[in-house]
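Structure of the sequence below:
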Amino acid sequence: MLGSDGVWARIIFAFCFFLLSGSQMVTGWPATVCGILGTMELATGLLRYSPLVEFWEYLKTSRSD
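Residues are numbered from 1 along each chain as shown. Model (predicted):
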């Protein structure tokens with residue numbers, strides 16, 4: 001689970017990615033990648049879930065055993 005700071009950071013990143021591709025600062029394939037990354041960041045922010053955070057927690061618990 002992400003904290004509230006992590007959620008806000010992800011939503012801001014999503015907005016930046018959407019702004020880059022929507023304002024045509026980035027065009028072509030990079031714009032497609034920006035759209036995909038924006039969607040992923042928005043989804044992880046709204047769901048308050050991050051696979052990387054979960055993986056990090058898994059690594060910390062496996063090292064302490």
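
so who does the residue nearest to the spatial centre of the chain touch?
When Cα atoms, centre = their mean is applied to the chain, the residue found nearest the centroid is Glu41 (2.8 Å). Glu41 sits next to Arg10, Ile11, Phe13, Ala14, Phe17 when contact means Cβ atoms under 8 Å, 6 or more residues apart in numbering. Glycine gets a C-beta too; all of them are placed from N, C-alpha and C.

so of these, which ones are in helices?
Arg10, Ile11, Phe13, Ala14, Phe17 (DSSP state H).

Output these as a markdown table; include the columns distance to Gly3.
Formatted as a markdown table, those follow (distance: Cβ to Cβ, whole Å):
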| residue | distance to Gly3 |
| --- | --- |
| Arg10 | 11 |
| Ile11 | 13 |
| Phe13 | 15 |
| Ala14 | 17 |
| Phe17 | 21 |
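
so, if you compare those, which one comes nearest to Ser50?
Arg10 (7.8 Å; Cβ to Cβ).

Can you report how many residues neighbour the closest one?
Arg10: 21 surrounding residues under other Cβ atoms under 10 Å.

what's the closest non-adjacent residue to it?
The shortest distance from Arg10 to any non-neighbouring residue, by Cβ to Cβ, 6 or more residues apart in numbering, is to Gly45 (3.3 Å).

Next: Phe18.
Excluding its sequence neighbours, the residue lying closest to Phe18 (Cβ to Cβ, 6+ apart) is Gly38, at 4.5 Å.

tell me the helices in this structure, going along the chain?
4-22, 29-47, 51-64.

Columns mean pLDDT on top of those, output as JSON lines?
Below are the helices of the chain laid out as JSON lines (pLDDT from 0 to 100):
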{"stretch": "helix 4-22", "mean pLDDT": "91"}
{"stretch": "helix 29-47", "mean pLDDT": "92"}
{"stretch": "helix 51-64", "mean pLDDT": "83"}
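
mind checking the backbone torsions on Gly3?
phi -80, psi 180 (degrees, to the nearest 10).
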